[in-house]
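**Student:** Here's my sequence, what's the structure:
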Amino acid sequence: MQPPVDHIHWLGHDSFRIDGQEAVIYIDPWRLQGGPAADLILITHDHHDHCSPEDIAKIRKADTVILTTQEAADKLPTPVQVIRPGEQQVVKGVTVRAVPAYNTNKFRSPGQHFHPREKNHVGFVVTVDGTIIYHTGDADPIPEMTGLKVDVALLPVSGTYVMTVEEAVQAAQMIQPKVAIPMHVGAGIGTTEMAEEFRAQAAAVLPGLTVVVLPLEGR
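**Tutor:** As a prediction, the model looks like this:
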């Protein structure tokens, strides 16, 4: 049975809002044009298009909880809670597990990955109202993806800094979600055509997978 995805909203790039029954969750809010206040904000790493103090200020309220890496926390007004790969917290009825996110073959210069493993950037496995959603963060296919047992996987497809379309299909084969949602396109990084190409390629090798290309909201 396909899990519901109508509560998952793509806000551009790799930014999402998840409307749970008990909490509104944002992941990497960037270039927001409004939206409901956040109960929980998850930030995968400190790069400006993922950790945006200006956008966080638009949706933050007095009791909003922010979970992120140490380097991102250092850029944000307190209070902010630091979470590391392998750690798990329950916030306002939402279970959040941080998992590694890093590059294996994307380099800013010889030998220097855009997202090095040692930086402890994260992806998030979030359980909301019984649905397990995995946001990979900025990553390539990595061994830690195997066997995560998630319902919905949010997968980057734009290449350059993250997975290519072909690598996203490989990641979907490793993760085996019920639904995959392509992301990390637009905003000058990748195109929506890449999302459709992912849908086509995934259908050829994963006939049981449902690929949902979400409409852009909040722009």
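**Student:** how far out from the middle of the chain is stretch 156-176?
**Tutor:** Using CA atoms, centre = their mean, to the nearest Å, the mean C-alpha position of stretch 156-176 is found 13 Å from that of the whole chain.
**Student:** List the buried residues for that stretch?
**Tutor:** By neighbour count, and taking 16 or more other CB atoms under 10 Å as the criterion, the buried residues in stretch 156-176 are 156-159, 161-165, 167-172, 174-176. Backbone N, C-alpha and C define where each C-beta goes, glycine included.
**Student:** hey, what's residue 152 bridged with?
**Tutor:** In this structure, residue 152 has the following beta-bridge partners (DSSP bridges): residue 133, residue 179.
**Student:** and it, what does it touch?
**Tutor:** Counting by CB atoms under 8 Å, 6 or more residues apart in numbering, residue 152 touches 3, 5, 8, 131-134, 177-181.
**Student:** Point out where the chain drops to low pLDDT.
**Tutor:** When residues are selected by pLDDT under 70, those of the chain lie in 1, 187-188, 218-219.
**Student:** center of the protein - which residue?
**Tutor:** Nearest to the geometric centre of the chain sits residue 135, at 3.1 Å (CA atoms, centre = their mean).
**Student:** Report the separation between that residue and residue 79.
**Tutor:** 22 Å (CB to CB, to the nearest Å).
**Student:** How about residue 194?
**Tutor:** Relative to residue 79, residue 194 is positioned 38 Å away (criterion: CB to CB).
**Student:** ok, these two, which is more surrounded?
**Tutor:** Using other CB atoms under 10 Å, the more surrounded residue of residue 194 and residue 79 is residue 194, with 21 against 9.
**Student:** Can you name the residues that contact the more buried one?
**Tutor:** Shown here is residue 194, whose contacts under the criterion CB under 8 Å, 6+ apart are 157-159, 165, 182, 185.
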